[in-house]
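Asker: Pasting the sequence and the predicted coordinates here, then a few questions.
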Amino acid sequence: MIAVIETGGKQYLVKEGDVLKVEKLNKAPGEAVEFEALLKAEGEKVEIGTPKLGAKVTAEIVEDGRSKKVEVVKYKSKSRYLKRTGHRQHFTSIKITKIV
């Protein structure tokens, strides 16, 4: 069974047992979190919500962390202008436990 969930302004296609990184959630590792499914499919049977189904997707928070640094460079030629900054995005890693 697969489902589509939405969190952090993004949509994810998930199935039971998947581990994925999503935008930071304000929960501690080990806690359970629920998402509403936008779409649910099992074999040939597909259910699409308008915009959401009553189906719930349960996940367990595995860890919180920060991704690799993304370097931002601003440069203008012939004017000796160079500016470098970096950014590390926070994420939460979740494991899908059940699709109901």
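Answerer: Right, received. Where do you want to start?
Asker: Can you report how many residues lie near the nearest residue to residue 87 once chain neighbours are set aside?
Answerer: Nearest residue to residue 87, sequence neighbours excluded (Cβ to Cβ, 6 or more residues apart in numbering): residue 70, at 5.1 Å. No exception for glycine: its C-beta is placed from N, CA and C like everyone else's. The number of residues packed near residue 70 is 10, by other Cβ atoms under 10 Å.
Asker: Return the residues in contact with residue 70.
Answerer: By Cβ atoms under 8 Å, 6 or more residues apart in numbering, residue 70 lies in contact with 86-89.
Asker: most surrounded residue in those residues?
Answerer: Counting neighbours by other Cβ under 10 Å, residue 89 comes out on top of the contacts of residue 70 with 13 neighbours.
Asker: hang on, that one packs against residue 69?
Answerer: No: contact between residue 89 and residue 69 fails when scored by Cβ atoms under 8 Å: they sit 9.4 Å apart.
Asker: and the residue located most distally from the centre of the chain, what pLDDT?
Answerer: Relative to the C-alpha centroid of the chain, counting by Cα atoms, centre = their mean, residue 78 is the outermost residue, at 42.0 Å. Per-residue pLDDT puts residue 78 at 97.
Asker: What of residue 36?
Answerer: 95.
Asker: Against residue 25, how distant is the nearest residue to it once chain neighbours are set aside?
Answerer: Leaving aside its chain neighbours, residue 36 sits nearest to residue 52 (4.6 Å; criterion: Cβ to Cβ, 6+ apart). As judged by Cβ to Cβ, to the nearest Å, residue 52 and residue 25 stand 18 Å apart.
Asker: Which one's more surrounded, those two?
Answerer: Taking other Cβ under 10 Å, residue 52 and residue 25 do not tie; residue 25 has more neighbours (17 against 13).
Asker: quick one: which helix or strand includes the more buried one?
Answerer: For residue 25, there is no helix or strand it lies in under DSSP states H and E.
Asker: tell me the phi and psi of it?
Answerer: When read as degrees, to the nearest 10, the backbone of residue 25 gives phi -110, psi 140.
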